[in-house]
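Colleague: coords please:
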Amino acid sequence: MDARTFAVVGGDRRNLALSKMLCGKGHTVRLFGFVNYERESPMQCKNLYEAIEDSDYIIGPIPCSHNGGALNAPFHNAPIYVEDLLRLIKPHQTFIAGFVKPEIFEMASKFGIHILDMLKREDLLLLNAIPTAEGAIKIAIEETEITLHNSHMLVVGYGRVGKVLSGMLRGIGARVTAVVNKSSAAAAARCCGHEPVFFEEMEACLKHADIIFNTVPHTLLDKTNMKHIRKDTLLIDLSSPPYGVDVNDSRDFGLKVLYTNSLPGKIAPVTTAAYILDTVSHMVDELEGGDRDES
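Modeller: Got it, this is the predicted structure:
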């Protein structure tokens, strides 16, 4: 990727690390949305217009917005509204963010703005599974009084995160049961040394689990099966809303559930920023090569 001008607007420590990496690659970077964290940074712009005006690409947060109205900007001292941002972006510029809600795509189309969602890229999703799994294990160690070694782990879902997490847990000596949805996933889990069970068989395994990790963003654990979970079992939900563990039902059963969000940004922002840099570089190369496949 040749030298370009990037505006990095909002986001967490991943975007701050990304800004520095882009500068290190010879790009010009304009930063906005971090006044409470990087107030003295030479990249920091006084306002949104200054950041956007002459930039080739605008990089937003992951997730782009929690509510569709304002950008995810935890280090800023005031809301940065998505509509205000889109009004400033010109048709020749491109906005790149992650977990972009449909309503933001719709708003962008009205302004004739091109948006790319970096988390529609399989490469970034796969790499993000690594810090997510490491973060889950960190939480499990901190929140329990047992060793993970020789303990019973139930990993619900055997997709990107489930596969990486199951492998890491087995690597430290845990006994892993992977809840799968098809025979090919069961075979893959068995090849890696895990005990596979299908979703319809999961209920029988709940009482044996010391820790349950959910990776599926659909409610699978609720009042119909929570009665089988021991009170001393820790549940860690790694999925996005609406989550896989019913919030209200878990309270009724007195279960300890930890809902995690944006673990890659919390656990390993520098490593994750390197993943994002590679992804953005590929996206820009493809875009400038004429491959505009999102709008």
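Colleague: what sits against the residue nearest the centre of the chain?
Modeller: What sits nearest the mean C-alpha location of the chain, by C-alpha atoms, centre = their mean, is S262, with 4.6 Å. Listed by C-beta atoms under 8 Å, 6 or more residues apart in numbering, the contact set of S262 reads 12, 62-63. Placement of C-beta: from N, CA and C, glycine included.
Colleague: go again with 10 Å.
Modeller: For S262, the contact set (C-beta atoms under 10 Å, 6 or more residues apart in numbering) comprises 11-12, 14, 61-63, 72, 74, 98-99, 128, 132, 135, 240, 269, 272.
Colleague: ok, these vs I115, which is closest?
Modeller: G98 (10.9 Å; C-beta to C-beta).
Colleague: now the nearest residue to the closest one once chain neighbours are set aside: which helix or strand?
Modeller: Counting by C-beta to C-beta, 6 or more residues apart in numbering, G98 lies nearest to I62, which is 3.2 Å off, once chain neighbours are set aside. Using DSSP states H and E, I62 sits within no helix or strand.
Colleague: hmm, who's touching the least confident helix or strand in the chain by mean pLDDT?
Modeller: The helix or strand of the chain with the lowest confidence, counting by mean pLDDT, DSSP states H and E, is helix 263-267 at a mean of 91. Residues outside helix 263-267 that contact it (C-beta under 10 Å, 6+ apart): 11-15, 17, 61-63, 72, 74, 124, 127-139, 161, 238, 260, 271-273, 275-276.
Colleague: give me the number of residues near the residue nearest to H114 when sequence neighbours are not counted?
Modeller: Nearest residue to H114, sequence neighbours excluded (C-beta to C-beta, 6+ apart): T94, at 4.9 Å. T94 has 21 neighbours, counted by other C-beta atoms under 10 Å.
Colleague: same question, G24
Modeller: G24 has 10 neighbours, counted by other C-beta under 10 Å.
Colleague: again with the one 5 residues further on
Modeller: Residues contacting V29 under the criterion other C-beta under 10 Å number 23.
Colleague: contact partners for it?
Modeller: By C-beta under 10 Å, 6+ apart, the contact set of V29 is 4-8, 18-23, 41-43, 51, 55, 59.
Colleague: which SS state does it fall under?
Modeller: Assigned by DSSP: H, G, I helix; E, B strand; the rest coil, the conformation of V29 is strand.
Colleague: could you report the distance from it to I276?
Modeller: Distance, V29 to I276, by C-beta to C-beta, to the nearest Å: 13 Å.
Colleague: list the residues that contact both of the two?
Modeller: Counting by C-beta under 10 Å, 6+ apart, the residues touching both V29 and I276 are 18, 21-22, 59.
Colleague: next step: those residues restricted to strands.
Modeller: The strands, defined by DSSP state E, take in I59 from the shared contacts of V29 and I276.
Colleague: pLDDT, neighbour count and distance to K223 added to the shared contacts of V29 and I276, as a markdown table?
Modeller: A markdown table is the format used below for the shared contacts of V29 and I276 (pLDDT from 0 to 100; neighbours: other C-beta atoms under 10 Å; distance: C-beta to C-beta, whole Å):
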| residue | pLDDT | neighbour count | distance to K223 |
| --- | --- | --- | --- |
| L18 | 96 | 24 | 42 |
| M21 | 96 | 18 | 47 |
| L22 | 96 | 26 | 48 |
| I59 | 98 | 26 | 42 |
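Colleague: take the shared contacts of V29 and I276 and lay them out in TSV including distance to D210.
Modeller: Converted to TSV, these look like this (distance: C-beta to C-beta, whole Å):
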residue	distance to D210
L18	37
M21	39
L22	43
I59	41
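Colleague: for the residue nearest to H114, which residues are in contact?
Modeller: 55-59, 113-116, 283-284, 287-288, 292, 294.
Colleague: these two touch, right, T219 and V245?
Modeller: Yes: T219 is within contact range of V245, at 7.6 Å (criterion: C-beta atoms under 10 Å).
Colleague: from E134, how far off is the spatially closest residue to N128 that is not a sequence neighbour?
Modeller: The shortest distance from N128 to any non-neighbouring residue, by C-beta to C-beta, 6+ apart, is to P264 (5.0 Å). According to C-beta to C-beta, P264 stands 9 Å off from E134.
Colleague: one more: C64?
Modeller: 24 Å.
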